[in-house]
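# Provided below are the primary sequence and the corresponding predicted coordinates.
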Amino acid sequence: MTQAPLGIPRPPAADAAPHPRPRPEILTIKPYIGGESQLAGVNRVIKLSSNEGAFGPPPGAIAAYRALAGEIHRYPDGGAEALREAIGRRFGLDPARIVCGNGSDDILYQLALAYGGPGTELVMTRHGFSMYAIAGTYAGSRVIKVEERERTADVDAILAALSPRTRLVCLANPNNPTGTLLSRNEVARLIAGLPPEVLLVLDAAYAEYVTRSDYEPGAAFVDQHPNVVMTRTFSKIFGMGGLRLGWAYAPAHVIDVLNRVRNPFNTNAAAQAAGIAALAEAGWVEKCRAHNATWRAWLTERLRAAGVGVTPSEGNFILADFATPERARAAQMRIRRHGIIVRAMGSYDLPSCLRITIGTEEECEAVAQALAHFMQRA
């Protein structure tokens with residue numbers, strides 16, 4: 001008898017007795033499973049499976065979180081006004097066109113439900129972030145996955161996949177799990193080819209890590225077009241994944257829709273306070289970006305020297321290709337013996353690959369050494 005994935009309850013056995021049933025497409029959704037955090041029998045785990053920030057949250061965010069301990073009986077500001085003001089100051093955006101959510105996934109769900117639905121289509125790339133397909137299917141949309149070019153979104157393929165039923169195009173830029181991105185000009189070309197009734201969602205969760213000069217996270221496109229939304233998160237470079245805090249910048253008419261359908265208190269008080277403090281932490285983003293760029297390049301070089309293929313990445317992770325699914329599984333099991341957890345990519349149709357988060361200097365050295373030893377014996 002097979003076991004359900006860790007943390008996911010087993011579906012009930014088929015039962016002929018009448019009972020409430022969801023829409024049929026809901027049962028086609030495979031539950032999202034986050035990266036593992038623990039290994040049985042291992043005291044010290046190096047977790048490189050969830051693309052969490054290498055240094056955790058900024059000190060100011062920790063202090064702000066602790067300061068709210070005595071106030072958790074109070075409801076938070078439902079409109080997250082102070083947080084939206086802080087985001088606006090930091091990024092030079094109009095706070096009235098910002099909405100916050102319980103992680104950016106929360107906002108993706110609301111967009112899929114509000115703009116999709118039965119009879120519509122959501123277009124994404126073959127190796128795009130899996131939550132787009134889950135949200136689209138949940139909304140009742142047909143999800144269309146288009147082929148990529150060298151594991152990078154292909155603008156022409158996306159445009160060719162559009163139909164009169166298309167209502168959303170979701171693009172992670174940089175993409176998770178490949179780490180690749182589209183340049184400013186390519187995104188502009190995509191937008192130019194979209195019908196006005198199609199909403200483009202630019203998921204810029206990893207924007208702070210990008211070092212390329214030809215990159216635009218999305219705010220400029222939102223200001224220029226009525227059918228573009230940019231989503232962002234505090235889970236990555238700000239190290240606040242456990243608090244679930246994300247936000248979107250969008251045209252006023254989209255913000256109006258999101259404020260109508262979102263949960264009334266969808267960001268908690270501690271997350272709001274920590275987010276404001278994180279944005280104000282001097283030098284934090286620059287420090288984390290510099291560390292990530294240095295060690296992402298170092299780990300890429302080390303793995304390639306060991307015979308592992310690595311897709312060029314602009315995120316805080318790399319996609320390591322071991323050529324065959326069998327070798328990828330063997331590599332994953334080998335480094336688990338050293339207490340190192342990375343993410344298998346079979347669920348993203350990349351069975352020969354492992355996604356490895358860029359951790360601290362010590363963690364990067366440990367995973368490089370473990371995989372080099374594996375390749376020597378493979």
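All right, it came through fine.
# alpha carbons only for contacts and neighbour counts from here, please
Will do.
# for this structure, what spans make up the strands?
Secondary structure of the chain, counting by DSSP state E: strands at 46-47, 98-101, 121-125, 142-146, 166-172, 199-203, 228-233, 246-249, 309-311, 317-321, 340-341, 343-344, 353-357.
# next one: the fifth one to chain centre, how far?
Read that as strand 166-172. 15 Å (CA atoms, centre = their mean, to the nearest Å).
# partner strands of that strand, with direction?
strand 121-125 (parallel), strand 199-203 (parallel) (DSSP bridges).
# check these for me and report the most buried one.
strand 121-125 (a mean of 27; mean count of other CA atoms under 10 Å).
# which one of the strands paired with strand 166-172 lies closest to residue 99?
For those, the distance to residue 99 is smallest for strand 199-203, at 14.1 Å, taking CA to CA.
# burial of residue 43, as a residue count?
Residues contacting residue 43 under the criterion other CA atoms under 10 Å number 8.
# can you check residue 213 too?
Counted with other CA under 10 Å, residue 213 comes out at 8.
# contact partners for it?
Residues near residue 213 by CA atoms under 8 Å, 6 or more residues apart in numbering: none.
# distance between stretch 275-286 and the chain's centre?
Distance, centroid of stretch 275-286 to centroid of chain: 20 Å (CA atoms, centre = their mean).
# ugh, wrong one, stretch 194-210
Worked out by CA atoms, centre = their mean, stretch 194-210 lies 12 Å from the chain centre.
# ends of that stretch, what's the gap?
Across stretch 194-210, the terminal residues are separated by 26 Å (CA to CA, to the nearest Å).
# contact partners for the closest residue to residue 194 other than its chain neighbours?
Nearest residue to residue 194 in three dimensions, chain neighbours excluded: residue 159, at 7.2 Å (CA to CA, 6 or more residues apart in numbering). Neighbouring residues of residue 159 by CA under 8 Å, 6+ apart: 190, 193-194.
# of these, just the buried ones, ChimeraX syntax please.
In ChimeraX syntax, the buried subset of these is picked out as below (16 or more other CA atoms under 10 Å):
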select :190,194
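# low-confidence ranges in the stretch 101-250 of the chain?
Along the stretch 101-250 of the chain, the model assigns pLDDT under 70 to no residue.
# and the helices in it?
Applying DSSP state H, counting those that start in this stretch to the stretch 101-250 of the chain gives helices spanning 104-115, 130-139, 155-161, 184-193, 219-224.
# one step back: could the strands of the chain go into JSON lines alongside distance to residue 83?
As requested, those are exported to JSON lines (distance: least, CA to CA, whole Å):
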{"stretch": "strand 46-47", "distance to residue 83": "30"}
{"stretch": "strand 98-101", "distance to residue 83": "8"}
{"stretch": "strand 121-125", "distance to residue 83": "30"}
{"stretch": "strand 142-146", "distance to residue 83": "33"}
{"stretch": "strand 166-172", "distance to residue 83": "24"}
{"stretch": "strand 199-203", "distance to residue 83": "20"}
{"stretch": "strand 228-233", "distance to residue 83": "13"}
{"stretch": "strand 246-249", "distance to residue 83": "10"}
{"stretch": "strand 309-311", "distance to residue 83": "36"}
{"stretch": "strand 317-321", "distance to residue 83": "28"}
{"stretch": "strand 340-341", "distance to residue 83": "34"}
{"stretch": "strand 343-344", "distance to residue 83": "32"}
{"stretch": "strand 353-357", "distance to residue 83": "28"}
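# nearest to residue 258, of those strands?
The nearest among the strands of the chain, by CA to CA, is strand 98-101 at 7.5 Å.
# if we can go back for a sec, export the helices of the stretch 101-250 of the chain as a markdown table, with columns for distance to residue 267.
Output for the helices of the stretch 101-250 of the chain, formatted as a markdown table (distance: least, CA to CA, whole Å):
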| stretch | distance to residue 267 |
| --- | --- |
| helix 104-115 | 10 |
| helix 130-139 | 19 |
| helix 155-161 | 33 |
| helix 184-193 | 30 |
| helix 219-224 | 22 |
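# out of those, which gets nearest to residue 42?
helix 130-139 (29.7 Å).
# other SSEs contacting the closest one?
helix 104-115, strand 121-125, strand 142-146 (3 or more CA pairs under 8 Å, 6 or more residues apart in numbering; DSSP states H and E).
# out of those, which is the most enclosed?
strand 121-125 comes out most buried of the helices and strands packed on helix 130-139 by mean count of other CA under 10 Å, with a mean of 27.
# pull the CA atoms of that strand into PDB?
Extracted in PDB, the C-alpha atoms of strand 121-125 (Å, rounded to 0.1, in the frame of the first residue of the first chain):
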ATOM      1  CA  GLU A 121      -8.100  29.700 -20.300                       C
ATOM      2  CA  LEU A 122      -4.900  30.500 -18.400                       C
ATOM      3  CA  VAL A 123      -1.600  30.400 -20.300                       C
ATOM      4  CA  MET A 124       1.700  29.600 -18.600                       C
ATOM      5  CA  THR A 125       5.000  28.100 -19.600                       C
END
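# how far does that strand sit from the chain's center?
With CA atoms, centre = their mean, you get 16 Å for strand 121-125.
# likewise stretch 187-196?
23 Å.
# who touches the lengthiest helix in the chain?
Looking across the chain with DSSP state H, the single longest helix is helix 284-305. With contact meaning CA under 8 Å, 6+ apart, helix 284-305 is reached by 54-55, 58, 208-211, 237-238, 309-310, 316-318, 320, 358, 361, 364-365, 368, 371-372.
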